[in-house]
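S.K.: Fold the stuff below for me.
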Amino acid sequence: MNQNNDDINDLNTPCVLVLDSVVRNNCIRMNERASSLGVNIRPHMKTHKTIEIGKYQFEGNRNSNKSRGIIVSTLSEGKFFSKEFKDILYATPIAPNKVRDAYQLHLSIDRLNVMFDNIEHLKAMVDYAINNPNEFQKKWSVFLKIDCGYHRAGADPKLQSTTDLVELIVNGDYKQYFQFQGIYSHSGHSYKCQTPTDIKKLAMEEARVTGDYGKKLRSLGYTVDTVSIGSTPVCSHLPDDLLKEYGVNEIHPGNYTFYDQMQYELGNCKLEDIGVHVLATIVSIYPERNELLIDAGSLALSSDPGCTHLRDLKVINNFGIVHNDINLRIVAPSQEVSKIQSTDQSPIDFSKYKIGSKIRIIPNHSCLTAAMFSDYHVINKDNQIINSFKPNKHW
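M.R.: Have a look, this model is predicted:
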């Protein structure tokens, strides 16, 4: 829905502001990096959950196979994005109760790629095919998720049982039910790194683990079309020889569309690259305590404390910072309100921050923050509202 260049100061708060040119530039820059490495990019939709920004993620994209493959975190997202995108990867190992809905979505588009890391996932999909022979019209399209060191999800590539899963669906009893697409890893532990140098080392390690397993499968005679790695920190510090040396041919970042304070603190972006702010109103001031109170609490900003491992213990409480005055930080979010203090305990200039005035917050974790809202106000460089995007909600 287009707006008539309304001023953000007229908005009800709290609300989300999406900085249009910043987000588009973030997308273009990541696409250019993938192109320079000779690898494809399969962007994640989970941060923004909007069709419009999903399209932004392919501006300047030069995927060698010309695909517009995407990743989603929920089947609800999959259905939502299927209006625009026809090659979708569902990034969570498939639960048995979601198999029917996943297959129906698979039938409605070119392919819904399903993730597995356990034989039970395969059994659930095969059981569906056997029990619904009239509905089973095309093979499941699947990726094997492997553990590159994060230890959240993924099969261990060092175990023979992991390769046995591939054998089962390529040459074994389940081969008539599956089309094996490749392998996928996620380096969520990159958010615990201390420095950009540490992230670069982790990027090489993920590329080595995942790439080597792809090479192993190929040496055993399996076709592995896609070897995919990533997280936004890792995709911000990829090795230059990703394809030639490591054999990785796809990356899958997500948070880079918006970035956030965590990405800034980790050294993955600049402050001016952060593409989402929360607009709030100052509801009271407390000069005697050197504090402000705003109408954006945990239900607007989330309660994610961010990269606490990077901060001085004296300023460990930090749930967001003030745009254009990063010395001011959220220290105590309640459900609907938050307190703001100065990081270095210097006096706040209360002449700038009056009751009723608006204030913009850079969130710690933009994925969680954006998920709190049912619409985004899109603004231009002049802080005028130029559009409104509605994200997918629910599961």
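S.K.: check which helix or strand covers the residue lying farthest from the centre of the chain.
M.R.: Going by CA atoms, centre = their mean, the residue of the chain most distant from its centre is Glu288, 40.9 Å out. Assigned by DSSP states H and E, Glu288 belongs to no helix or strand.
S.K.: for Lys200, same thing?
M.R.: In the assignment (DSSP H and E), Lys200 maps to helix 196-219.
S.K.: Let me see the mean pLDDT of that helix.
M.R.: Mean per-residue pLDDT for helix 196-219: 98.
S.K.: From the centroid of this structure, which residue is nearest?
M.R.: The centre of the chain sits closest to Gly254, judged by CA atoms, centre = their mean, with a distance of 3.1 Å.
S.K.: just so I have it, where are all the helices in the protein?
M.R.: Residue ranges of the helices in the chain, as given by DSSP state H, are 20-37, 51-56, 75-81, 99-108, 119-131, 160-170, 196-219, 232-235, 261-266, 298-301, 366-370.
S.K.: Could you list the low-confidence segments of the protein?
M.R.: Within the chain, the stretches with pLDDT under 70 are 1-5, 64-66, 313-316.
S.K.: Tell me if I'm right that the residue nearest to the centre of the chain and Ile71 touch.
M.R.: Yes: if you go by CB atoms under 8 Å, Gly254 and Ile71 touch, sitting 7.2 Å apart. Heads up, the C-betas are built off the backbone N, CA and C, glycines and all.
S.K.: Quick check: neighbours shared by the two?
M.R.: Counting by CB atoms under 8 Å, 6 or more residues apart in numbering, the shared contacts of Gly254 and Ile71 are Pro43, His44, Met45, Lys46.
S.K.: who wins for neighbours among those?
M.R.: Pro43 (29 neighbours; other CB atoms under 10 Å).
S.K.: Could you count how many residues lie near the nearest residue to that one once chain neighbours are set aside?
M.R.: Nearest non-adjacent residue to Pro43, counting by CB to CB, 6 or more residues apart in numbering: Gln57, 4.1 Å away. Counted with other CB under 10 Å, residues neighbouring Gln57 total 27.
S.K.: Gln181 now?
M.R.: When neighbours are defined as other CB under 10 Å, Gln181 has 21 of them.
S.K.: Now for the residue farthest from the centre of the chain: which residues touch it?
M.R.: Per CB under 8 Å, 6+ apart, neighbours of Glu288: none.
S.K.: distance of it from Asp198?
M.R.: 42 Å (CB to CB, to the nearest Å).
S.K.: For Phe58, give its distance to Thr257.
M.R.: The gap separating Phe58 from Thr257 is 12 Å, by CB to CB.
S.K.: tell me, what's touching these two both at once?
M.R.: With CB under 8 Å, 6+ apart, Phe58 and Thr257 have common neighbours Cys27, Pro43.
S.K.: hmm, back to that, could you single out the most deeply buried of the helices of the chain?
M.R.: helix 232-235 (a mean of 28; mean count of other CB atoms under 10 Å).
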